[in-house]
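Student: fold the stuff below for me.
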Amino acid sequence: MAFQWDPVSLQACIANPNAMLAAFRHANRDGSGAVSGGDAVAFFSGSGLSTEKLSEIWRAATNGEPSMQPMAFKTAMELIAGAVDVGTPAPAPAAEPGLYAPSMPAA
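Tutor: Residues are numbered from 1 along each chain as shown. Next up is the predicted model:
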């Protein structure tokens with residue numbers, strides 16, 4: 001299963017309990033019922049966030065626990081979604097009909 005890390009896909013996953021459970025199961029590579037630190041690094045690094053940022057998210061989501069249970073995983077996903085969304089450039093506003101950007105003179 002290839003997980004999609006764009007903001008829209010992350011929000012859709014967070015909003016859908018079945019998708020969130022599937023993501024949790026994918027991240028929980030050994031099937032132990034909890035995501036270990038190594039599993040988290042392997043899964044969450046796909047987000048493109050720095051190791052330092054992922055470490056902050058781990059600490060915030062787990063409250064110092066050595067692994068992530070499903071609710072902590074969801075918290076981490078929400079924090080990652082916020083961090084990924086902040087790093088995503090906003091789409092350019094659509095031009096109103098009849099308005100055009102001025103042309104640049106040729107150099």
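
Student: got any ranges where the protein has weak pLDDT?
Tutor: 1, 87-107 (pLDDT under 70).

Student: quick one, strands of the protein?
Tutor: 35-36, 67-68 (DSSP state E).

Student: now those in CSV, with distance to residue 57 and mean neighbour count?
Tutor: Where C-beta positions appear, they are placed from N, C-alpha and C, glycine not excepted. Below are the strands of the chain laid out as CSV (distance: least, C-beta to C-beta, whole Å; neighbours: other C-beta atoms under 10 Å):
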stretch, distance to residue 57, mean neighbour count
strand 35-36, 12, 22
strand 67-68, 10, 20
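
Student: pipe the ones you listed into TSV and attach distance to residue 7 per row.
Tutor: Output for these, formatted as TSV (distance: least, C-beta to C-beta, whole Å):
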stretch	distance to residue 7
strand 35-36	22
strand 67-68	21
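
Student: top helix in this protein by residue count?
Tutor: Across the chain, the helix with the greatest residue count (assigned by DSSP state H) is helix 70-86.

Student: buried residues, that helix. List them.
Tutor: 70, 72, 73, 74, 75, 76, 77, 79, 80, 81, 83, 84 (16 or more other C-beta atoms under 10 Å).

Student: name the nearest of those relative to residue 35.
Tutor: Using C-beta to C-beta, the shortest approach to residue 35 within the buried residues of helix 70-86 belongs to residue 73, at 5.7 Å.

Student: hmm, residue 26 and the closest one touching each other?
Tutor: No - assessed by C-beta atoms under 8 Å, residue 73 is found out of contact with residue 26, at 10.6 Å.

Student: hang on, the earlier thing: let's have the buried residues of helix 70-86 in a markdown table, adding distance to residue 34.
Tutor: Below are those laid out as a markdown table (distance: C-beta to C-beta, whole Å):
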| residue | distance to residue 34 |
| --- | --- |
| 70 | 9 |
| 72 | 9 |
| 73 | 9 |
| 74 | 13 |
| 75 | 14 |
| 76 | 12 |
| 77 | 15 |
| 79 | 18 |
| 80 | 18 |
| 81 | 21 |
| 83 | 23 |
| 84 | 24 |
